[in-house]
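Participant: Sequence first, then the predicted structure:
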Amino acid sequence: MVNTMDINVREADKTSSLQFYWLAELKNGSIVMQFENGIENLFQEVKDRFDELKYFVLYNKNYIYNRFTVDLEKGKIYFQDGYLLSSKDSSTQEKKNIRLIYFRRHKIDFGNNLEEQNHSIVYFLGLQYNDLRGNNYKLILQIDSQGNWSSGE
């Protein structure tokens, strides 16, 4: 049995249904990209280095300017070239213990003969943090394949 920790790359064409890719910038300035030279780096590489993470970017594979950036030092989320996305009062709160939220959900519809009829992906991107009193907050964006998004807490 093959463990995902043993193999940390996959072929890029297996995820051709993805419309958004991620990249992670670490505090030392190095960058981990989801796809490099046709090989996919697993998100586990980012998870293993959460304490070193500075920025996490989710960008459209065809148009890099259509992107969402999570600033894990300031606890803010930006859309495109700097439009700040935040929940009420979260932009002025002091934040500690800032954590990344990222996952995606696949919805696959099958026909009568069990052939795939439709496959859609929704991306979830956000952050979770504590205020100075220890109260927990989170802001999560739900992003469809066209880049439409909505926010929730």
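Facilitator: Noted; the coordinates are in hand.
Participant: tell me which residues form a beta bridge with Leu125?
Facilitator: Tyr102, Leu141 (DSSP bridges).
Participant: Spit out the contact partners of it.
Facilitator: Taking Cβ atoms under 8 Å, 6 or more residues apart in numbering, we find Leu125 in contact with 56, 58, 68, 70, 77, 101-102, 140-141, 143. Glycine gets a C-beta too; all of them are placed from N, C-alpha and C.
Participant: Selecting buried members of the residues you listed in ChimeraX, what would you type?
Facilitator: A single ChimeraX command selects the buried members of the contacts of Leu125 (16 or more other Cβ atoms under 10 Å):
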select :56,58,68,70,77,102,140,141,143
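Participant: ok, so of the contacts of Leu125, who is nearest Leu18?
Facilitator: Checking the contacts of Leu125 against Leu18 with Cβ to Cβ, the nearest one is Leu58 at 10.5 Å.
Participant: where's the residue lying closest to Glu45 once chain neighbours are set aside relative to Phe68, distance?
Facilitator: Distances taken as Cβ to Cβ, 6 or more residues apart in numbering place Val32 nearest to Glu45, at 5.7 Å, with adjacent residues excluded. For Val32, the distance to Phe68 equals 17 Å [Cβ to Cβ, to the nearest Å].
Participant: measure the nearest residue to Leu26 once chain neighbours are set aside to Leu141 for me?
Facilitator: Counting by Cβ to Cβ, 6+ apart, Leu26 lies nearest to Glu52, which is 4.6 Å off, once chain neighbours are set aside. Counting by Cβ to Cβ, the gap from Glu52 to Leu141 is 23 Å.
Participant: swap in Asn41?
Facilitator: 22 Å.
Participant: Phe110 too?
Facilitator: Distance from Phe110 to Leu141, by Cβ to Cβ: 29 Å.
Participant: just so I have it, where are all the strands in the chain?
Facilitator: Taking DSSP state E, the strands of the chain run over residues 9-11, 20-26, 31-33, 35-36, 39-41, 53-60, 63-71, 76-79, 83-85, 96-110, 116-130, 136-143, 149-152.
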